[in-house]
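Peer 1: structure for the following, please:
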Amino acid sequence: MKIQNQVMVGVVLAICLLSVHLIYDFREGRSKLLLGLDLRSGSHIVVQLLGTGPDGKDIEITKDIQNQSIQVFRKRMDPEGNREVIITPEGRDRLIIEIPEVTDLAQAESMVKKAGRLEFRESQYDPETQSVKWVTRLDGSAVKRASAAIDDTSSSGSWMIYFDLTSEGAREFGDLTRELVGRPLGIFFDGEQVSAPTVNGPITGGQGSITGGFTQQEAVELANFLNAGALPVNVKLLESYTVSPTLGAESLNTSLRAGMVGLTVVVAYIVWYYRLLGVTASLALCVYSLLVLASMNIPTMQFVLTLPGIAGYILSIGMAVDANVLIYERIREELDDGHPLLTAIDIGYHRAFSSILDGHVTTFIGAAILYALGSASIKGFGLTLMLGTVWSMVTAIYVTRIFITFFIHTLGLRAKKLYGGL
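Peer 2: Numbering: from 1, shown residues only. I've put the predicted structure just below:
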């Protein structure tokens, strides 16, 4: 029993070390947790997906359309994959886009509102209107990748965009340029003419370029848009605002202080009232706290921590303490009835289990409903509360038992008074 218990304590400590590794980056000296905009600076934008496509035809907004739009926005705003842009679907036709560290709201709105549609057009004479109009012959779906570079032919040091075409796009582009030799090829982005170079000969290499006196920022942005692809439907901006770095840092610091003060008061009380059992509960709370935070940062399954999420986290700490109170009160009753220490502990855990299970299951169901039906901020609260409720059950039932057994069998602390007995 003694060796087995020591092994279990070692396993718990190893899990705690792994949790710390998932939470904190010691090399860079910072937390690995993803924070919502209410805890740091950035732009918050809500867009609605409209039921019209690029050609004006009606399109039904489905889950696939919503997911496709999310991927386009993510590639557009985070091409390198390291800016932690958060895009959350809301309802059937809305997206909440949070761009950290970008406080220029006009820039953020511009990135969102653009459809990102590239078109290669041919100029045709319309006898009815007696004017020249541009007719689309090829769209941006033919572009495989694009990159920005300095235009060597420009004396002003402007930038240009190189692009590679797909195999099918290269064939169609070659046919188009062969047909338009000696005539202009209009290059349009979101309906606006970027340039209209004259085609000197067929372009069959599957590569091309777009010039137009771009600045570096404009060229990089356009290349990112082309790499992301066009949005499948038109969008409408519903809401936008920014969070300043000062406000975000203040919210985070205030929340952390509140959590630490609350945890300290709880730990002090349960240690004073339940003695050694309170110590085990405090140790279990530390393990619980690490497990919840680490679960939020598992690779490919990362959660975004927001102010409502912190509220759910702190509330679930209360659930963990409540479970310990049910167990320890049962143990004290059995000790007062004259049962031996180990018997009292076994009976206390056994008889408190059903009450703990009922309380945690009902809390989990309520949190799941909040997550399923609530808005984005409420979802964060519900998700954190669900996660905390699960780990609360585990630590209250198993981790505290491991520590109590360690105190009894390994450290030899067997006096009933240490556990609240008479």
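Peer 1: what are the buried residues along stretch 193-201?
Peer 2: Within stretch 193-201, the residues scored as buried using 16 or more other Cβ atoms under 10 Å are 194, 195, 199. C-beta here means a position set from N, CA and C on the backbone, and glycine is covered the same way.
Peer 1: can you point out the buried residues in the helix with the most length in the chain?
Peer 2: Longest helix of the chain, by residue count under DSSP state H: helix 341-373. Buried residues in helix 341-373, counted by 16+ other Cβ under 10 Å: 341, 344-345, 347-349, 352-353, 356, 359-360, 363-364, 367, 370-371.
Peer 1: okay, the buried residues of stretch 193-201 in TSV with pLDDT, distance to residue 32 and secondary structure next?
Peer 2: Formatted as TSV, these follow (pLDDT from 0 to 100; distance: Cβ to Cβ, whole Å; DSSP: H, G, I helix; E, B strand; the rest coil):
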residue	pLDDT	distance to residue 32	secondary structure
194	79	41	strand
195	77	45	strand
199	81	52	strand
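Peer 1: these two touch, right, residue 47 and residue 233?
Peer 2: No. Residue 47 lies out of contact with residue 233 (Cβ atoms under 8 Å); the separation is 10.6 Å.
Peer 1: where do the helices sit along the stretch 251-400 of the chain?
Peer 2: Per DSSP state H, counting those that start in this stretch, the stretch 251-400 of the chain carries helices over the ranges 276-295, 307-336, 341-373, 376-394, 400-405.
Peer 1: my bad, the stretch 101-250 of the chain
Peer 2: 105-113, 167-179, 216-228, 245-274.
Peer 1: what's the most buried one of these?
Peer 2: helix 216-228 (a mean of 20; mean count of other Cβ atoms under 10 Å).
Peer 1: show me what it is packed against.
Peer 2: helix 63-77, strand 143-150, strand 159-165 (3 or more Cβ pairs under 8 Å, 6 or more residues apart in numbering; DSSP states H and E).
Peer 1: picking up where we left off before, go through the helices of the stretch 101-250 of the chain and name the closest to residue 39.
Peer 2: Of all those, helix 245-274 sits nearest to residue 39, with 4.4 Å by Cβ to Cβ.
Peer 1: give the other helices and strands that that closest one contacts.
Peer 2: helix 276-295, helix 307-336.
Peer 1: could you dump those helices into JSON lines and include mean neighbour count, distance to residue 409 and mean pLDDT?
Peer 2: Output for those, formatted as JSON lines (neighbours: other Cβ atoms under 10 Å; distance: least, Cβ to Cβ, whole Å; pLDDT from 0 to 100):
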{"stretch": "helix 276-295", "mean neighbour count": "22", "distance to residue 409": "13", "mean pLDDT": "88"}
{"stretch": "helix 307-336", "mean neighbour count": "21", "distance to residue 409": "17", "mean pLDDT": "83"}
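Peer 1: so can I have JSON lines of those helices showing distance to residue 395?
Peer 2: JSON lines is the format used below for those (distance: least, Cβ to Cβ, whole Å):
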{"stretch": "helix 276-295", "distance to residue 395": "4"}
{"stretch": "helix 307-336", "distance to residue 395": "6"}
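Peer 1: nearest to residue 118, out of these?
Peer 2: Closest among the helices and strands packed on helix 245-274, using Cβ to Cβ: helix 307-336, at 39.2 Å.
Peer 1: residue 269 is in contact with residue 324, correct?
Peer 2: No. Between residue 324 and residue 269 there is no contact, the gap being 11.6 Å when judged by Cβ under 8 Å.
Peer 1: now for these two: what residues contact both?
Peer 2: The contact sets of residue 324 and residue 269 do not overlap (Cβ atoms under 8 Å, 6 or more residues apart in numbering).
Peer 1: make a markdown table out of the helices of the stretch 251-400 of the chain and add distance to residue 67.
Peer 2: A markdown table is the format used below for these (distance: least, Cβ to Cβ, whole Å):
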| stretch | distance to residue 67 |
| --- | --- |
| helix 276-295 | 25 |
| helix 307-336 | 24 |
| helix 341-373 | 18 |
| helix 376-394 | 17 |
| helix 400-405 | 43 |
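Peer 1: so which of those is nearest residue 170?
Peer 2: helix 376-394 (42.3 Å).
Peer 1: now that closest one, how far from the chain's geometric center?
Peer 2: 15 Å (Cα atoms, centre = their mean, to the nearest Å).
Peer 1: got the buried residues for that helix?
Peer 2: Applying 16+ other Cβ under 10 Å to helix 376-394 flags 376, 379-393 as buried.
Peer 1: same question for it, mean pLDDT?
Peer 2: Averaged over helix 376-394, pLDDT sits at 83.
Peer 1: can you check stretch 26-44 too?
Peer 2: 77.
Peer 1: many thanks, I have nothing further to ask.
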